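Engineer: With the input below, show me the fold.
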Amino acid sequence: MANKPSDPELKTIFESNEKEGRVYRIPALFYHREKKILLAFAEKRKTKDDAHTFALVMKRGKENKEKVWEFEEPERELVKKADHGDRPMNPCPVFEKNSKSLLLFFIFVEGDVSEKKQIKNYDNKARLCYIESTDAGNSWSEVNYLSEKQKEIETESKTWATFAVGPGHGLQAHDGTLIVPVHGYYSSCCCRSWCCYFTYQYAFSLYSKDQGKIWKFGKMLQTNSGECQMAEFFDDGDKSVIYCNARTVGSYRVEAVSQDGGNEFKPLVSADKLVETCTGCQGSVVSFPPPDEGQDQKPKWLLYSHPTDTCRKDLGVYLNESPHDSTTWSKPWIINRGPSGYSDLVYMDDGWFACLMECGEKSEIEQIAVKVFSYHEVKQGIEKEEVTSCCP
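Structural biologist: Next up is the predicted model:
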């Protein structure tokens, strides 16, 4: 039995028990504004190894009369390991407002072929897929194999060692463009000869400008970067900017911005404000309107979540009120003390946020839990917080 969160405001959604062959990883979160519900997604594995994923699962949460979020509905397995062995990975929800369709993107990976094996052999075994719900997650479509339906997607993905979406949420920009975060492994060697074989990881986008009918891949970031999330904010000139925050093998996160709707990103100069963990870790980012400007205003600020310690502990949230400037990130407010891993943020309107996170007492994979908090709590927490590190 996994240890329960010590923070009373932290609520366990998925509880792992490796001895019973049940490990939950890779959280993704969606807030349905009309229904006022949270949908929590995750991978369900037999062991902590990603080669042993066998289902994508979901739980729905509602706020009760005491203003407490409850996830009492039974867990649902939305996509299971296929009869021929392909396993679903990396849930990434994105909502299309006009059709009120929730698309849950993911990848199907052939059999038990690991990511490392795909990279080593330069042989992509991942296919891009999604399922769709038009009733706030009550029912879902059959699997749509986007890699097979759109030749451009299939052709381009075959040039990579492997790739994945998210993990975590995608977004719909104010002009209607749907954007799904992607990262892929690509060789810079044109001949693929073993004598000059080097594989690098890059973040980029998958986007659609016609409500999800046709999808295209954007250009890869110019900087070595991995798992990423994106958010839209508006600058002082009221121009839309797509911001990308990505995992890296370096000491600090990669930040980049796009002025063309998410097709091409230009890296921001790092101010060394957002520390990366020793081996890298996924993080999450959302945009939201300044509280004093009203709920219906365009988003201008960013909130970002990630372990604050290089040893994957003490998950914190950082605030940036000038997203074009990487020097303006605040210090973090710690929302989970102890082992912490992947996370996914949503903005729920009226200054409220929710964060779905991997956490535990001894290991970050003991459970996936959610915390709901306000902008005012973020501001107060940042003012009081002091950050320490267990690693040199």
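
Engineer: Hmm, K48 is touching G21, no?
Structural biologist: No. Using CB atoms under 8 Å, K48 is not in contact with G21; the gap is 11.2 Å. The way it works is simple: take the backbone N, C-alpha and C, and place the C-beta from them, glycine included.

Engineer: next SSE after the lengthiest strand in the chain?
Structural biologist: For the chain, the longest strand by residue count, based on DSSP state E, is strand 333-347. Following strand 333-347 in sequence order, the next helix or strand is strand 352-359 (DSSP states H and E).

Engineer: Would you mind checking the average pLDDT for that following strand?
Structural biologist: Mean pLDDT, strand 352-359: 97.

Engineer: can you check stretch 289-303 too?
Structural biologist: 87.

Engineer: so where do the helices sit in this protein?
Structural biologist: Using DSSP state H, the helices found in the chain span residues 115-121, 146-149, 151-157, 375-384.

Engineer: Out of those, flag the one nearest L274.
Structural biologist: helix 375-384 (14.1 Å; CB to CB).

Engineer: Show me what counts as buried in that closest one.
Structural biologist: Y375, E377, V378, G381, I382 (16 or more other CB atoms under 10 Å).

Engineer: can I get those residues in TSV with pLDDT?
Structural biologist: Shown next, in TSV, are the buried residues of helix 375-384 (pLDDT from 0 to 100):
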residue	pLDDT
Y375	96
E377	95
V378	96
G381	95
I382	94
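
Engineer: What is the end-to-end distance of stretch 267-285?
Structural biologist: With CA to CA, to the nearest Å as the measure, stretch 267-285 spans 16 Å from end to end.

Engineer: buried residues in that stretch?
Structural biologist: Of the residues in stretch 267-285, 267-268, 270, 273-277, 280-285 count as buried by neighbour count, 16+ other CB under 10 Å.

Engineer: Same question for stretch 134-146.
Structural biologist: By neighbour count, with 16+ other CB under 10 Å as the criterion, the buried positions of stretch 134-146 are A136, G137, W140, V143, N144, L146.

Engineer: Same question for stretch 118-137.
Structural biologist: Buried residues in stretch 118-137, counted by 16+ other CB under 10 Å: 118-119, 122, 124-133, 136-137.

Engineer: Now go through these and say which are in strands.
Structural biologist: Judged by DSSP E, the buried residues of stretch 118-137 include A126, R127, L128, C129, Y130, I131, E132, S133 as members of strands.

Engineer: just checking, which of the buried residues of stretch 267-285 belong to strands?
Structural biologist: P267, S284, V285.

Engineer: and the second one, what does it touch?
Structural biologist: Yep, that's S284 we're talking about. G168, H169, Q229, Y304, S305, H306, S343, D344, L345, C355 (CB atoms under 8 Å, 6 or more residues apart in numbering).
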